[in-house]
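Asker: Below is the sequence, then the predicted model.
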Amino acid sequence: MGCRPDLGLFVLALAIGLVAPDTGALAQTTREPPPEAIELFASGRAHYEGGRYGDAARDLEAALQLDPGSPTLIYNLTRVYELMGDLDRALRYGEQYLMLLPPDDEEEREVAEVTLRRLRGARDYLALRQAAEQGQVQSLRQLAPRVIVRERGVADTPFWITLAAGAAVLAAGAVVGGLALKTGNDASDFVLRDPADQAIRQRRVDRADRLALSADILLGVGAVTCIAAGLLYLLRVRTIERDATPDEVALSIGSDGRGAWLVVRGAL
């Protein structure tokens, strides 16, 4: 999930190396945030880097009071509360951030919605686990948490159609190449018995040349089509949702039950 910092926060980011949300589609206001808000934001970042998430949240909340509606502050409050394990507050700020995104910023909205699904899944799982520990439910074996995974490589209908077309053209090129080779051999083995045979032999040579040219074209087109299919697969990314593995659950939810859920993109 990401956003463009407000003007003052963006200047601060350049000065202190702030890692802020990275989309460029959010509308910005022309006013600068109050200097006190910028100072609190810098202080919150320092607390964050020191692992003092409670102090970071306090300073970011105070900055938001001075600069209401700041996408950068709301985004980073979502991240900090997620790391604190306060999923209800993280969800509240995440929903506010999603509302600030322009409708046409489809990529960033998708990332924000993925984050909200992740937070809701973590919150529900923790609630069920707590209920199980209190004896209110008998088993959580069918309630494994879900994680969002982004994988490079999309084998969808356009990929398969392109790959099949490339393979078919390559096969046709191979067949035509075989015919060209056979016709060329026939022309070479043709025995001239009278003057008219020379014209017959030349026609066979010309046919072999045309077939060879056609084979070259088909093989070239087939190769390019297969390469295009490979690019269709490799250069696209898909987002899938699946059950978390035991190791991922251990990483996502600490032994105290308050750990943050898996992170797809960085924040503060």
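Answerer: Everything's here; your move. Numbering: from 1, shown residues only.
Asker: what about residue 45, neighbour count?
Answerer: The tally of other residues near residue 45 (other Cβ atoms under 10 Å) stands at 22. Yep, even glycine has a C-beta here, placed from its N, CA and C like the rest.
Asker: What is whatever helix or strand it lives in packed up against?
Answerer: Assessed by DSSP states H and E, residue 45 sits inside helix 35-49. Under the contact criterion of 3 or more Cβ pairs under 8 Å, 6 or more residues apart in numbering; DSSP states H and E, helix 35-49 touches helix 7-16, helix 53-66, helix 71-84.
Asker: ok now the second one, how far from the chain's centre?
Answerer: Helix 53-66 has its C-alpha centroid displaced from the chain centroid by 31 Å (Cα atoms, centre = their mean, to the nearest Å).
Asker: With stretch 34-49 instead?
Answerer: Worked out by Cα atoms, centre = their mean, stretch 34-49 lies 30 Å from the chain centre.
Asker: What's the mean pLDDT across it?
Answerer: Mean per-residue pLDDT for stretch 34-49: 90.
Asker: same check, this time on stretch 171-190
Answerer: The model assigns stretch 171-190 a mean pLDDT of 87.
Asker: How about stretch 228-241?
Answerer: 81.
Asker: Show me how far the longest helix seen in the chain is from its chain's centre.
Answerer: In the chain, assigned by DSSP state H, the helix with the most residues is helix 196-234. In terms of Cα atoms, centre = their mean, the gap separating the centre of helix 196-234 from the centre of its chain is 40 Å.
Asker: I'd like the numbering to begin with 44 instead of 1 from here.
Answerer: With the count now opening at 44, the last piece we talked about shows up as helix 239-277.
Asker: List the buried residues for it?
Answerer: 244, 247-248, 250-251, 254-255, 257-258, 261-262, 264-265, 268-269, 271-272, 275-276 (16 or more other Cβ atoms under 10 Å).
Asker: same thing with stretch 106-116?
Answerer: Result for stretch 106-116 [16+ other Cβ under 10 Å]: buried residues 106, 107, 109, 110, 113, 114, 115, 116.
Asker: any idea how far residue 227 is from the second one?
Answerer: I take that to be residue 107. Using Cβ to Cβ, to the nearest Å, residue 107 is found at 79 Å from residue 227.
Asker: what about the most far-flung residue of the chain relative to its centre, which SS state?
Answerer: Most distant from the centre of the chain: residue 237, at 71.8 Å, with distances by Cα atoms, centre = their mean. Three-state call for residue 237 (DSSP: H, G, I helix; E, B strand; the rest coil): coil.
Asker: That one and residue 226, how far apart?
Answerer: If you go by Cβ to Cβ, the gap between residue 237 and residue 226 works out to 22 Å.
Asker: And for residue 136?
Answerer: 74 Å.
Asker: same deal with residue 272?
Answerer: Distance from residue 272 to residue 226, by Cβ to Cβ: 31 Å.
Asker: burial of residue 128, as a residue count?
Answerer: 19.
Asker: And for residue 151?
Answerer: Neighbours around residue 151, by other Cβ under 10 Å: 22.
Asker: and the two most separated of the buried residues of stretch 106-116?
Answerer: 109 and 114 (15.0 Å; Cβ to Cβ).
Asker: where exactly do the strands run in the stretch 94-243 of the chain?
Answerer: Ranges of strands in the stretch 94-243 of the chain, per DSSP state E, counting those that start in this stretch, are 189-195.
Asker: what about it, any weak spots by pLDDT?
Answerer: Applying pLDDT under 70 to the stretch 94-243 of the chain flags the ranges 177-193.
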